[in-house]
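Student: predicted model, plus sequence, below.
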Amino acid sequence: MTRTVLITGSRSGFGAALAATFADSGWNVVATMRTPDRARTALRDHERILVAPLDVTDPASIAEAVAVAEQRFGSVDVLVNAAGFVVQGTVEEITLDALRDQLETNVVGTAAVIQAILPGMRARGNGHIITFSSGAGLVGIPRMDAYAASKFAVEGLSESLARSVAHLGIEVTIIEPGVFETELGSSVVTPASPIEAYDPAAAQLPDLYNWTPGDLGAAARAVESIAGRPDPPLRLYVGHGLDEVRRHYGDRLKSWERTAQITATTTSAPCVNPRKADEMSTWTQDELDRINAETYFTVGATLPDGTTPKTVDIWSVPVGDRIFIRSYNGTQGEWYGPALKTGRGRISAGGVEKSVRFVPVDPDDEETNQAVDASYLEKYADSEYSVTMSTEPVRRNTLEVVPQG
């Protein structure tokens, strides 16, 4: 049985290329656009293509296009949301009306077409929704604030939708194109009053992304190859720039890692951060001497129920009248995660037994971290692991141990 695809934004660019590719591959194609009289001759003359009017900002035209498609071909097996445009400029440069128009077409319009298609797919228990995002939906591009916002929104909408409809037999795929030579660039809406102060932001562009145009025909064939197939990918990147996207996502992971200890302090009210001397006790000199004379320091995290079920022996180091510990395994360790979560625990060393608070050290506090590094290297100079405990990423897992009461 011949399958049917409905494609929005088919007058030019990806939409037109996809319409031709699907038709040449044996699909019934409903190629929709706001101005059907401007459809390419190749689309109008193709025996498998029905050109139909559809404006994604007009619910009546959406309903009519879906009805025409179903009347002509029966069910719509695949929907491809390719309609969209670009508003250029920073948040300050663009008008709020321009921002609304951008979101109305790229996000709300996409959702409106999906709303019209979903009832039929749900009733049949199958279907595939393919929606175009952009490289700008993965990496924020300077002076494309509104467009990036719309494409980041499409990413979230589609990923959430995929989880919402999976049990109904409906698949969702996000197409993430790099740069392609299409008419999209010629329809860019630019600010009426550009602000010169933002011009230097363009200096980021060469290293931010790969601006080499991809092969439009090959990309269209790649999209058709996964359409309506069993277990299609949630995301398909086409064109150049994937290495740059990986780099940016790597930077995002590193950013979360750098601030993991700060994040951990927000997950449980008892955790105290930052350190405030007037809120906590201090070690006596006798306690410091006895603890620091020991190689190992027994430590355990106190759980929310008040118990301390697990203890481990680890190294501890002094810095002045303060004591610090580090976890080699980070949050994967059996004690460090709970210690971060509750901020409370028990220690034992040299005959000193105390209830304590664990205070994460900011990874960007170089003065404290360097002092802790030096203390590890000095106290445990005879062990090869003293160097390891003073390097990334272990030094990010630094806690100050502060006596409680």
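Tutor: Thanks, I have it.

Student: for the stretch 251-400 of the chain, just list every one of the strands.
Tutor: Assigned by DSSP state E, counting those that start in this stretch, the strands in the stretch 251-400 of the chain fall at 297-301, 311-314, 317-319, 322-326, 344-349, 352-360, 398-403.

Student: the longest one: how far from the chain's middle?
Tutor: Taking CA atoms, centre = their mean, to the nearest Å, the mean C-alpha location of strand 352-360 is offset from the chain mean by 36 Å.

Student: ok, Ser386 touching Ala374?
Tutor: No - the pair Ser386 and Ala374 fails to qualify as a contact (CB atoms under 8 Å) at a distance of 10.4 Å. Yep, even glycine has a C-beta here, placed from its N, CA and C like the rest.

Student: the two - which one has more neighbours?
Tutor: Ser386 (18 against 13; other CB atoms under 10 Å).

Student: ok, now which ones touch the more buried one?
Tutor: Tyr376, Leu377, Lys379, Tyr380 (CB atoms under 8 Å, 6 or more residues apart in numbering).

Student: who wins for neighbours among these?
Tutor: Tyr376 (23 neighbours).

Student: OK, contacts around it?
Tutor: Counting by CB under 8 Å, 6+ apart, Tyr376 has contacts Trp315, Val317, Arg326, Ser386, Met389, Ser390.

Student: from these, list just the buried residues.
Tutor: Trp315, Val317, Arg326, Ser386, Met389, Ser390 (16 or more other CB atoms under 10 Å).

Student: min pLDDT across these, which one?
Tutor: The member of the buried ones among the contacts of Tyr376 with the lowest pLDDT is Ser386, at 77.

Student: still on that earlier bit, can you lay out the strands of the stretch 251-400 of the chain as JSON lines showing distance to Asp199?
Tutor: JSON lines is the format used below for the strands of the stretch 251-400 of the chain (distance: least, CB to CB, whole Å):
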{"stretch": "strand 297-301", "distance to Asp199": "52"}
{"stretch": "strand 311-314", "distance to Asp199": "53"}
{"stretch": "strand 317-319", "distance to Asp199": "47"}
{"stretch": "strand 322-326", "distance to Asp199": "46"}
{"stretch": "strand 344-349", "distance to Asp199": "52"}
{"stretch": "strand 352-360", "distance to Asp199": "41"}
{"stretch": "strand 398-403", "distance to Asp199": "42"}
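
Student: and these: which comes nearest Thr110?
Tutor: Closest to Thr110 of the strands of the stretch 251-400 of the chain, according to CB to CB: strand 352-360, at 41.9 Å.

Student: pairing partners for the closest one, with directions?
Tutor: Using DSSP bridges, strand 352-360 pairs in its sheet with strand 344-349 (antiparallel), strand 398-403 (antiparallel).

Student: dump these into a markdown table; add mean neighbour count and distance to Thr308 as well.
Tutor: Below are these laid out as a markdown table (neighbours: other CB atoms under 10 Å; distance: least, CB to CB, whole Å):
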| stretch | mean neighbour count | distance to Thr308 |
| --- | --- | --- |
| strand 344-349 | 20 | 5 |
| strand 398-403 | 22 | 14 |
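
Student: so which of the strands of the stretch 251-400 of the chain gets nearest Gly127?
Tutor: strand 352-360 (48.1 Å).

Student: okay, the angle between that closest one and strand 322-326?
Tutor: 70 degrees (axes from the mean of the first three to the mean of the last three CA atoms, to 10 degrees).

Student: buried ones in strand 352-360?
Tutor: Val352, Lys354, Val356, Arg357, Phe358, Val359, Pro360.

Student: before we move on, what about stretch 124-138?
Tutor: Gly127, His128, Ile129, Ile130, Thr131, Phe132, Ser133, Ser134, Gly135, Ala136, Gly137, Leu138.

Student: in strands, which of the residues you listed appear?
Tutor: Here DSSP state E is the test, and these give Gly127, His128, Ile129, Ile130, Thr131, Phe132 as lying in strands.

Student: can you pick out the most distant pair from these?
Tutor: Gly127 and Phe132 (17.4 Å).

Student: the longest helix along the chain vs strand 127-132, what angle?
Tutor: In the chain, with assignment by DSSP state H, the single longest helix is helix 145-165. Here helix 145-165 points in a direction 160 degrees away from that of strand 127-132 (the same axes, to 10 degrees).

Student: what's in contact with the helix or strand where Ile114 lies?
Tutor: Using DSSP states H and E, Ile114 sits within helix 109-124. Helix 109-124 has contacts (CB under 8 Å, 6+ apart) with 6, 8, 54, 56-57, 59, 62-63, 66, 70, 75-76, 79, 81, 83, 127, 129, 131, 154, 157, 161, 165, 168, 170.
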